[in-house]
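> just need the structure, nothing else, for what follows:
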Amino acid sequence: MEVETVMAALRKKAKEDEVFRQRLLDTRKEKNPLGVFCEIARSEGYELYEMDILTYGEEFYAAIKRSTNGGGENSPKLEGQDDYYDMFMAELAVM
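Numbers count the residues shown, from 1 in each chain. Predicted structure coming up:
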């Protein structure tokens with residue numbers, strides 16, 4: 001299953017279930033937040049691993065960069081732009 005499909009399912013459940021949303025948000029406090037986040041996803045029946053999210057974030061960021069500046073690398077990466085986990089947590093925090 002694709003990362004975005006899994007994240008969409010987790011996003012939907014978090015929107016409907018405040019306890020689940022808080023459980024996901026609490027992963028930010030863990031020593032290995034991404035690992036704990038993926039454990040929660042797997043406990044929900046989704047095969048999701050840290051490398052899946054890291055790779056997806058980098059690929060997503062690269063696709064955006066290619067589409068906005070003709071495929072060239074003209075601007076430096078801003079901190080966290082390719083961190084899909086952090087972007088997802090920010091989204092959950094404002095739900």
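> ok, then the element right after the lowest-mean-pLDDT helix or strand in the chain?
Least confident helix or strand, the chain: helix 50-68 with a mean of 68, by mean pLDDT, DSSP states H and E. Proceeding N to C from helix 50-68, the next assigned helix or strand is helix 84-93, under DSSP states H and E.
> give me the buried positions along that following helix.
84-89, 92 (16 or more other Cβ atoms under 10 Å). C-beta: built from backbone N, CA, C; applies to glycine.
> swap in stretch 23-31?
24, 27.
> span of that stretch from start to end?
Start and end residues of stretch 23-31 are separated by 15 Å (Cα to Cα, to the nearest Å).
> please enumerate residues in contact with that stretch?
Residues outside stretch 23-31 that contact it (Cβ atoms under 8 Å, 6 or more residues apart in numbering) are 10, 14, 33-34, 36-37, 40, 89, 92-93.
> quick one: low-confidence ranges for this protein?
Low-confidence segments of the chain (pLDDT under 70): 57-82.
> now do 80
1, 56-83 (pLDDT under 80).
> ok so, going back, whichever of the contacts of stretch 23-31 end up buried, select them in PyMOL.
Buried residues among the contacts of stretch 23-31 (16+ other Cβ under 10 Å), as a PyMOL selection:
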select buried, resi 10+14+33+34+36+37+40+89+92
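> among the contacts of stretch 23-31, which one sits closest to residue 2?
Checking the contacts of stretch 23-31 against residue 2 with Cβ to Cβ, the nearest one is residue 10 at 12.8 Å.
> hang on, the earlier thing: now the buried residues of helix 84-93 in JSON lines, with distance to residue 52?
Putting these into JSON lines (distance: Cβ to Cβ, whole Å) gives the following:
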{"residue": "84", "distance to residue 52": "10"}
{"residue": "85", "distance to residue 52": "11"}
{"residue": "86", "distance to residue 52": "15"}
{"residue": "87", "distance to residue 52": "15"}
{"residue": "88", "distance to residue 52": "13"}
{"residue": "89", "distance to residue 52": "16"}
{"residue": "92", "distance to residue 52": "18"}
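> which pair in the residues you listed spans the largest distance?
84 and 92 (12.5 Å).
> follow-up on the earlier one: out of the contacts of stretch 23-31, which sit inside helices?
The helices, defined by DSSP state H, take in 10, 14, 33-34, 36-37, 40, 89, 92-93 from the contacts of stretch 23-31.
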